[in-house]
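> Give me coordinates for this.
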Amino acid sequence: MLDTPMLDTNDGRMAGPAATITGPQTLLFATAVGIIVTNLFAPQTLVGLIGPSLGASAASVGFVAMATLLGYAAGLFFLVPLADLAENRTLILRMLAAAALAAGVATTAPTAGSLLIVLFVLGAACSAIQILVPIAASMAPPGQAGRVIGDVMSGLMVGILLARPLASLIADAWGWRVFYGISAAALVVLACVLAFTLPRRRPAARSSYGALIASLFDLLRDEPVLRRRALTAALVMAAFSLFWTAVALRLAQPPFDLGQRGIALFALVGAGGAIVTPLFGRAGDRGWTRSATIACHLVLIGAMGLAAWTGSAESGTGWSLALMGVSAVLLDIGVTGDQTLGRRAINLLQPKARGRLNGLFVGIFFIGGAVGSMLAGIAWASGGWPEVCAIAAAFGFAALLVDWIGGPE
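The predicted structure is shown next:
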């Protein structure tokens, strides 16, 4: 089992010589975050199966997708700060154990209410992702932290891309409960592997838990760029979750009539928008943050207009499904671009508070995602697909309003 010296978690510097991360270790970190993150996005494509099986109404099915996202946000705010107090390997293993237990319990949840509680716990425990990434960065050779973080985050993106199609395929073959059984088993195996390979990371700083939580509010109060970028990220994430939670319901209806396997393939194609992530990073480096952000929000609004028009067709061809896929890709481009530019902006603020800044940013935009998932079922039951797209577009217009009143970054 590899041990490393203590890390000063306030500024991210090692207190002494540290073991350098190897290629296999980087792959392990990337695989770990990819496995964990699938639990956050899989419910979006399973709501059409989970709701009826537990007797949930059409208006309440969005709460299933909301629960894990809201739990993840809570974990970022209240569990991840423990990494500045407790030895990190032990903390991660305990969180993975809780996640595995929650996923296992989900396989037998008898009611929608009990499942929501279990999924909230599962989401909170999955915030271990935001403890794993700084450990990997602390082991990077001098000047290569960005490369290591990029490699590890690629595993996160793969997990996000595969979560919805993988969950759909498993549910199509064996039912949605089996997905959570497989997830529980994967988390147990992952915890066992990390127990023997994860380095120790004991924070050098000494502070109280209450002081750490209070510092989050101080950062949010003192950093206008953080407030603005977190707000737009939350708004576009709300649109993203609203679309992806409801689109599974729309695609199951005429003229598309897709089963879980078809919805899985649609989710895989739609996630292709994430490939443009590096382009937005370069745009920010060239000083185009504001204009690129506005472009992202305009693309999102256009995507929802296309989705509304395509989804309103009463008779369809292959072109209808293709255009719906185009709208999904455009939506992903808008959301990914906003969040990439936002991450870049907040990481330029306070190096000593980078971990807490990222925790706040990610936590706030996942709250937006939870709100979007919640509204999906309500909008679907109230006005169907047109209302879903209209509300998602409204989130895009709200983000544009923030762009208009915000200052330069």
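> wait, residue 251 sits on residue 267?
No: Residue 251 is not in contact with residue 267 according to C-beta atoms under 8 Å; the separation is 9.6 Å. Using the backbone N, CA and C atoms, a C-beta is placed for each residue, glycine as well.
> out of these two, which sits in the busier spot?
Set side by side, residue 251 and residue 267 give different neighbour counts by other C-beta atoms under 10 Å, the larger being at residue 267 (27 against 21).
> quick one: average confidence on the helix or strand containing that one?
In the assignment (DSSP states H and E), residue 267 maps to helix 260-270. Averaged across helix 260-270, the pLDDT comes to 82.
> Model confidence score at the closest residue in space to residue 382 that isn't next to it in sequence, please.
When the adjacent residues along the chain are set aside, residue 382 lies closest to residue 59, with 7.4 Å between them (C-beta to C-beta, 6 or more residues apart in numbering). Reading off the per-residue confidence, residue 59 sits at a pLDDT of 75.
> Verify the stated contact: residue 59 with residue 376.
No: between residue 59 and residue 376 there is no contact, the gap being 9.7 Å when judged by C-beta under 8 Å.
> When those two are compared, which one has more neighbours?
Counting neighbours by other C-beta under 10 Å for residue 59 and for residue 376 shows that residue 376 has the greater number, 32 against 15.
> Give me the buried positions along the helix holding residue 267.
Residues of helix 260-270 classed as buried: 260, 262-264, 266-270 (neighbour count, 16 or more other C-beta atoms under 10 Å).
> Could you name the helices and strands sitting against it?
Other helices and strands packing on helix 260-270, by 3 or more C-beta pairs under 8 Å, 6 or more residues apart in numbering; DSSP states H and E, are helix 43-53, helix 145-174, helix 224-251, helix 318-346.
> go with 7 Å
helix 145-174, helix 224-251, helix 318-346 (3 or more C-beta pairs under 7 Å, 6 or more residues apart in numbering; DSSP states H and E).
> Residue 267 and residue 260: what is the separation?
In this structure, residue 267 lies at 10 Å from residue 260, with C-beta to C-beta, to the nearest Å as the measure.
> whoops, I mixed them up, residue 235
Using C-beta to C-beta, one obtains 30 Å as the distance from residue 235 to residue 260.
> Then residue 66?
Taking C-beta to C-beta as the criterion, residue 66 is separated from residue 260 by 21 Å.
> now swap in residue 108 and tell me
Summarising the geometry, the distance separating residue 108 from residue 260, computed by C-beta to C-beta, is 21 Å.
> Return the per-residue confidence for residue 342.
Looking at residue 342, its pLDDT stands at 85.
> how about residue 108, phi and psi?
Main-chain dihedrals, residue 108, degrees, to the nearest 10: phi -120, psi 10.
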